[in-house]
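1. Fold the following and give me the result.
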Amino acid sequence: MLEKYNVEGHYKLKKDYTCEVCDGDGGHTGEEMTVKKGTIFQLSGKSWITIYDGVKLDSDNEWLEMDTETFEEYFEGVTG
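-> Take a look at the predicted model:
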């Protein structure tokens with residue numbers, strides 16, 4: 001299933017998303033952050049390994065990793 005997301009593209013949050021904050025080494029800090037609906041992220045087609053065996057998305061200010069089920073619930077593709 002992951003292969004269908006292994007292409008470059010932009011994706012927009014359909015609703016606010018709250019997640020754990022990680023430090024520079026990928027360890028959980030015990031803090032949470034909420035990313036607001038409408039925030040645009042880029043999914044890179046480059047090879048990468050995620051903590052959750054899912055997708056990695058980057059924006060200008062942050063990055064997210066999540067499983068594909070969560071990705072499908074919270075994101076939609078941006079065209080144009």
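2. residues contacting Glu76?
-> Contacts for Glu76 (C-beta atoms under 8 Å, 6 or more residues apart in numbering) come out as Tyr11, Lys12, Lys14. In this view, the C-beta of every residue, glycine as well, is placed from N, C-alpha and C.
3. so it sits in a helix?
-> No. With DSSP: H, G, I helix; E, B strand; the rest coil as the criterion, Glu76 is located in strand rather than a helix.
4. what's the spacing between it and Leu13?
-> Counting by C-beta to C-beta, to the nearest Å, the separation of Glu76 from Leu13 is 8 Å.
5. and if you look at Gly24?
-> 24 Å.
6. of these two, who's got more company?
-> Leu13 (19 against 5; other C-beta atoms under 10 Å).
7. I'd say that one and Leu57 touch.
-> No. Taking contacts as C-beta atoms under 8 Å, Leu13 lies outside contact range of Leu57: 9.6 Å.
8. list the residues that contact both of those two?
-> Phe41, Phe75.
9. which intervals of this structure have sub-threshold pLDDT?
-> 1-8, 44-53, 80 (pLDDT under 70).
10. what ranges do the strands span in it?
-> For the chain, the strands defined by DSSP state E cover 9-13, 17-22, 28-35, 40-43, 55-58, 63-66, 75-77.
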